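Colleague: based on what follows, work out the 3D shape:
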Amino acid sequence: MTDSILLTGGTGKIGLALIHALSETDNTIVFTSQSQQKIAELESKYQNSTANIIGLVIDLCQHDSASLLSQKLENQGIQISALINNARSIDSLAIEPDGSSDRKNLLDEYLLDVIVPYELTMALANSNKHKLSRVINIGSQYGVVAANPHLYDDFHQQSPIQYGLAKAALNHLTKELAVRLAEKEITVNCIAFGGIEGRVDEAFKERYANLCPSGRMLKEEETVGPIRFLLSKDSSSINGQTISADGGWTIW
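Modeller: Below you'll find the model as predicted:
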């Protein structure tokens, strides 16, 4: 079996940046997506890369997704040594006209951000077919501090509370799993990223710059370094931590 990195949510901003960076290594990168078309496009793009890039179609929110994904990996002879919980969905970030979030969206966001990483981590950690040693959860500055109303034109319609709630729970999941999996020599850490360029207008970027010590949003390629470090042997002493990679946003 081949030691591999499993990346959930491989076709999002962070996922694409990470695949691009790791394509120059000799790793096997397995990524998930709900879109077979996106998988085919990525596999084709990197077919001549040094890394072996493999996409798997799966709906991580279905009840038995963790065991199903683990079985798919085993069937292909893929042995996972590192897991990056990165899957996201914008569907559960909807906000009601009165600025509130309904129960379904609250639950769906928690499901994908907390329950799915827990189930997948445990499925791989408890399997004798894998050799899991690193788990990296992708968090957010809004799991560390509350959303800043001054960043938005319409705070109540643009900042869904379920996002921060789920990311805060992910931070604590990181601590719990670090304790519970330490005897298996598995480290579990979280990276709380700040805002990343790409989907906002210039006015938003200017407001963000005024609220952040670094004076700017993160560039997509800047998300790779912290992940690469936590994947490496150099991070072996770090466990149960939420590392803020946010340009200083959370220090103010």
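
Colleague: switch to C-alpha atoms for all contacts and neighbour counts from now on
Modeller: Noted.

Colleague: by mean pLDDT, flag the weakest helix or strand of the chain.
Modeller: One helix or strand of the chain scores below all others by mean pLDDT, DSSP states H and E: strand 2-7, with a mean of 84.

Colleague: okay, helices next: where are they in the stretch 1-150 of the chain?
Modeller: The residue ranges that make up the helices of the stretch 1-150 of the chain, judged by DSSP state H, counting those that start in this stretch, are 13-22, 36-45, 65-75, 103-110, 116-125.

Colleague: how far off centre is the first one?
Modeller: In this view, helix 13-22 has its centroid 11 Å away from the chain centroid, taken as Cα atoms, centre = their mean, to the nearest Å.

Colleague: do the same with the fourth one
Modeller: Averaged C-alpha coordinates place helix 103-110 at 18 Å from its chain's average position (Cα atoms, centre = their mean).

Colleague: that one: which residues count as buried?
Modeller: Taking 16 or more other Cα atoms under 10 Å as the basis for neighbour counts, the residues of helix 103-110 that come out buried are 105, 106, 108, 109, 110.

Colleague: quick one: contacts of it?
Modeller: Residues external to helix 103-110 that are found in contact with it (Cα atoms under 8 Å, 6 or more residues apart in numbering): 89, 91, 92, 93, 94, 162, 163, 165, 166.

Colleague: which residues touch the first one?
Modeller: Remark: with contacts taken as Cα under 8 Å, 6+ apart, residue 89 is in contact with 109, 112.

Colleague: okay, it and residue 33: tell me how far apart.
Modeller: In this structure, residue 89 and residue 33 are 11 Å apart, going by Cα to Cα, to the nearest Å.

Colleague: once you drop chain neighbours, what's closest to residue 212?
Modeller: For residue 212, ignoring the flanking residues on the chain, the nearest one in space by Cα to Cα, 6 or more residues apart in numbering is residue 249 at 4.8 Å.

Colleague: fine by me, we can end here.
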